[in-house]
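Student: Just a sequence and a predicted model for now, questions to come.
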2 protein chains.
Amino acid sequence: MKFSPALTELIEALRCLPGVGPKSAQRMCLHLLERDREGASSLAHALQQAVERVDHCRRCRNFTELDICEICADTRRDHSVICVVETPADVLAVEQSGSYRGLYFVLMGHLSPIDGIGPAEIGLDRFQERVVEEGVAEVILATNPTVEGEATAYYLTDMLLPRGVKVSRIAHGVPLGGELEYVDGSTLAHAFSGRRAVEQ
Amino acid sequence: MKFSPALTELIEALRCLPGVGPKSAQRMCLHLLERDREGASSLAHALQQAVERVDHCRRCRNFTELDICEICADTRRDHSVICVVETPADVLAVEQSGSYRGLYFVLMGHLSPIDGIGPAEIGLDRFQERVVEEGVAEVILATNPTVEGEATAYYLTDMLLPRGVKVSRIAHGVPLGGELEYVDGSTLAHAFSGRRAVEQ
Ligand SMILES: [Zn+2]
Ligand SMILES: [Zn+2]
């Protein structure tokens, strides 16, 4: 005996959420049907809307419902500086620190050869073209201070320095091994102001 | 600066899931859009289907897409014995122990006066009518061995004994303070066979 088909399907579908095992999925399913059917409907709608509408910004690869995201389209920002981060959550963390008014490039990951993620998979080919075409003055590397984040920063440095672009790395106020999105705003502000130029 | 509207709405909607705070919701949202859009669509569909189709069985109150659930409609089961449990997950746990072939009554909770949950809210008025009308031979109380579960079992005993119904409580092989749905099948089988009649 199992749950009825609609419940079984819902429990299975909830497993697509990260960190949700069979027991959590079952608890979530029963909770929604018993106590929050309205929440379940809203969630269904929000999921459908997000899947249909959200895509990557053509310039910075961040998630957006627009062709060019609000940050890239903002003429009051400094378009001569681009900060490279791994994820949309990192953009949010930097924005909330209030320490940066340039643009972003979102890798949506980091180099990870073992997983088949090379430069093209994180958009570095298009990024290089953009930096050269637009005559960007400075690229700030704000990838995570993890092994993969550092390797990605080194790759970007090697790629950009020969093209005469100023490259900097945010200062390590960020705890080593930590993830950017969990760092508080003032530590991030400190890391931005203490950035140093990368020399070859 | 925040995430775009569709992302913000999805992050907010994910918070309806039990145990999901703002950071988990954000991580789930980004994971789905970055790596599992198909999963997100399936989840949206499964949620909508469950909300539209799943209701309570008219006889036992368990979740079902049918008017009368498969267990209640199964003529090979013993219709003279009813096991009272708190949740649909408990029905599943008892079924999986393979130790029981009677019917169920699912309270969808337990008595909790402080939360305004009295006998009517857990269906005890209808249950009493059913037991009397159908001449049920035995009611097995399998509410959780918690304060609320025990109080609910006492209430049911007081309600049923004066009407000449045999009432039994599953044996406490179930660890005290624990929850039925997390107990393994053999412990549950032991608890069923070791049940004792409740005397006044
Ligand atoms: Zn953009
Ligand atoms: Zn039923």
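Tutor: Arrived safely, thanks for sending. Ligands and ions are numbered 1, 2, ... in the order given.
Student: Let's test this: mean pLDDT of the biggest helix by length in chain A, rounded?
Tutor: The longest helix of chain A (DSSP state H) is helix A:37-53. Taken as a whole, helix A:37-53 carries a mean pLDDT of 96.
Student: How is chain A partitioned into domains?
Tutor: Using automatic domain parsing, the domains assigned to chain A come out as A:5-53, A:66-169, A:172-200.
Student: End to end on the second one, go ahead and measure it.
Tutor: Between the opening and closing residues of domain A:66-169 lies a distance of 30 Å (CA to CA, to the nearest Å).
Student: mind listing what A:Asp158 touches?
Tutor: If you count contacts by CB atoms under 8 Å, 6 or more residues apart in numbering or on different chains, A:Asp158 has none. (C-beta placed from N, C-alpha, C; glycine too.)
Student: If I look at it, what pLDDT would I see?
Tutor: 93.
Student: Let me know the helix or strand that it is in.
Tutor: Using DSSP states H and E, A:Asp158 sits in helix A:147-160.
Student: By neighbour count, which bits of that helix are buried? Give me those.
Tutor: For helix A:147-160, burial by neighbour count (16 or more other CB atoms under 10 Å in any protein chain shown) applies to A:Glu148, A:Gly149, A:Glu150, A:Thr152, A:Ala153, A:Tyr155, A:Leu156, A:Thr157, A:Met159, A:Leu160.
Student: Okay, now the sheet partners of the helix or strand just after the longest helix of chain A, with direction.
Tutor: The element immediately downstream of helix A:37-53 (helix or strand, assigned by DSSP H and E) is strand A:55-56. Strand pairing for strand A:55-56, determined by DSSP bridges: strand A:63-64 (antiparallel).
Student: Which positions in the next helix or strand after the strand it pairs with come out as buried?
Tutor: Remark: after strand A:63-64, the chain's next helix or strand is helix A:70-73, criterion DSSP H and E. For helix A:70-73, burial by neighbour count (16+ other CB under 10 Å) applies to A:Ile71, A:Cys72.
Student: what separates the next helix or strand after helix A:70-73 from the chain centre, distance-wise?
Tutor: Scanning forward in sequence from helix A:70-73 by DSSP H and E, the next helix or strand is strand A:78-85. Its chain's C-alpha centre and that of strand A:78-85 lie 15 Å apart, by CA atoms, centre = their mean, to the nearest Å.
Student: Same question for stretch A:154-170.
Tutor: Taking CA atoms, centre = their mean, one finds the center of stretch A:154-170 at 20 Å from the center of the full chain.
Student: and it, how far apart are its ends?
Tutor: Separation of the first and last residues of stretch A:154-170 by CA to CA is 13 Å.
Student: do stretch A:11-30 as well
Tutor: Stretch A:11-30: ends 9 Å apart by CA to CA.
Student: and if you look at stretch A:51-71?
Tutor: 21 Å.
Student: For it, list every residue counted as buried.
Tutor: Buried residues in stretch A:51-71 (16+ other CB under 10 Å): A:51, A:54, A:56-57, A:59-65, A:69, A:71.
Student: What's the separation between the residue nearest the centre of chain A and chain B?
Tutor: With distances taken as CA atoms, centre = their mean, the residue of chain A nearest its centroid is A:Thr87 (1.0 Å). Per CB to the nearest CB, to the nearest Å, A:Thr87 is found 6 Å from chain B.
Student: ok, that residue touching B:His31?
Tutor: No: here A:Thr87 does not reach B:His31: they are 10.1 Å apart, not a contact under CB atoms under 8 Å.
Student: so A:Gln49 makes contact with B:Ser4?
Tutor: No: in this structure A:Gln49 lies outside contact range of B:Ser4 using CB under 8 Å: 11.0 Å.
Student: pretty sure A:Gly109 contacts A:Gly116?
Tutor: No: judged on CB under 8 Å, A:Gly109 makes no contact with A:Gly116 at a distance of 11.1 Å.
Student: what about those two, which has more around it?
Tutor: Neighbours were counted for A:Gly109 and for A:Gly116 using other CB atoms under 10 Å in any protein chain shown; A:Gly109 has more, 18 against 7.
Student: ok, that one to B:Ser24 distance?
Tutor: 20 Å (CB to CB, to the nearest Å).
Student: Since that was my last question, I'll sign off now.
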